[in-house]
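In: How does the following fold in three dimensions:
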Amino acid sequence: MPSQAESGKAWEYGLARRLGRMNGVSILSSNAPLAALKAYHQYGEQARAEIERAAVAAANFLEAHDDRFGELANLELQSDQRGRDGDVRDILAATQSGDVIGISAKHRHRALKHSRLSDSIDFGLEWYGRPCSATYWARVKPVFGSLRRVNVGYWRELPDKHDGYYRPVLTAFMDEVRTNADAARLLRYVVGRYDFYKVIKSNGDIEIQSFNLSGSLQWGAKLPMPTRIVEFRRETDRVGTAELTLDQGWQLSFRLHNANAAIEPSLKFDIQLVGSPEEMGNYTTAY
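Out: Model prediction:
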């Protein structure tokens, strides 16, 4: 059975393949499409047929609402490293006139990012261009340092992982964001540095969202950018989770967790978009 990551790669390939067949163009050769093709062929014939139906529904909508999809010159699948650098587009569709249309293809999940925190990752510099403060480092370095010295091998063996590790790191992160973050640049890092269509494949449904932050997409209104942080609060009913509210209708959820069962000196975020401006284009259809 393909993993979640492999399922996502298969969906990327299926959607890009359909867009290419509509225009008579191929996916550019690189390691990324080879991995996606391998994932695609891990599915049986029936599952690949389902991917094809979903891809047809998504591609037909995109072509009907952004006519540049009818004049593609080439297609490229991006590596995962580009996402870590702030470019969340999985598929780049280059047109004959030189435009590049980005698509983020998601399979049964809506996460924006899975960024990490550690005692060496300067998230402030990486996310919004301002180095983390000395106060932040003084608070998190002892926490991550202690993870290197624990005498157990798995997170489940730590009796105090929430109060001893999640809580102090999340609190330091929240305070640093409140004090130093640039709202617009933070959103650009988390949501994506470039405009794109997000195409989410679920069980029997396709959802398409227009992240038209700069106004380069033909479908979906240009979205207003935030100018300030309204509130950043811990969610009392969800351990290790905080919700960031920005102006202009943007809300983000940050859930901090251990990425692997084995203990390592870092923690990982699951970042979700929980609120967006009312101008955002959003369309759902069955396939």
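
In: where exactly do the helices run in the stretch 51-200 of the chain?
Out: 80-84, 123-128, 134-147, 161, 167-180, 183-191 (DSSP state H, counting those that start in this stretch).

In: mind giving me a markdown table with these and columns for mean pLDDT, mean neighbour count and distance to residue 109?
Out: Where you see a C-beta, it was placed from the backbone N, CA and C, and this is true even at glycine. Listed next are the helices of the stretch 51-200 of the chain as a markdown table, based on pLDDT from 0 to 100; neighbours: other CB atoms under 10 Å; distance: least, CB to CB, whole Å:
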| stretch | mean pLDDT | mean neighbour count | distance to residue 109 |
| --- | --- | --- | --- |
| helix 80-84 | 65 | 14 | 14 |
| helix 123-128 | 96 | 18 | 21 |
| helix 134-147 | 97 | 15 | 27 |
| helix 161 | 91 | 20 | 24 |
| helix 167-180 | 97 | 18 | 22 |
| helix 183-191 | 96 | 21 | 15 |
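
In: closest one to residue 104 among those helices?
Out: Counting by CB to CB, residue 104 lies closest to helix 80-84 out of the helices of the stretch 51-200 of the chain; the figure is 8.8 Å.

In: so which of the helices of the stretch 51-200 of the chain gets nearest residue 256?
Out: The nearest among the helices of the stretch 51-200 of the chain, by CB to CB, is helix 167-180 at 5.0 Å.

In: mind checking how far the closest one is from the chain centre?
Out: Distance, stretch centre to chain centre, for helix 167-180: 21 Å (CA atoms, centre = their mean, to the nearest Å).

In: again with stretch 239-259
Out: Distance, stretch centre to chain centre, for stretch 239-259: 13 Å (CA atoms, centre = their mean).

In: C-alpha coordinates for that stretch, CSV please?
Out: Written as CSV, here are the backbone C-alpha positions of stretch 239-259 (Å, rounded to 0.1, in the frame of the first residue of the first chain):
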residue,chain,number,x,y,z
VAL,A,239,-2.1,20.0,23.3
GLY,A,240,0.8,21.6,21.6
THR,A,241,-1.4,23.7,19.3
ALA,A,242,-1.7,27.5,18.9
GLU,A,243,-3.8,29.7,16.6
LEU,A,244,-2.5,32.8,14.9
THR,A,245,-5.0,35.4,13.8
LEU,A,246,-3.9,38.1,11.4
ASP,A,247,-5.9,40.9,10.0
GLN,A,248,-7.6,40.7,6.6
GLY,A,249,-9.2,37.4,7.5
TRP,A,250,-6.2,35.1,7.8
GLN,A,251,-6.0,32.5,10.5
LEU,A,252,-3.3,29.8,10.9
SER,A,253,-3.0,26.8,13.2
PHE,A,254,0.4,25.6,14.5
ARG,A,255,0.5,22.1,16.0
LEU,A,256,3.9,21.2,17.4
HIS,A,257,4.8,17.5,17.5
ASN,A,258,7.6,15.0,17.3
ALA,A,259,8.1,14.0,13.7
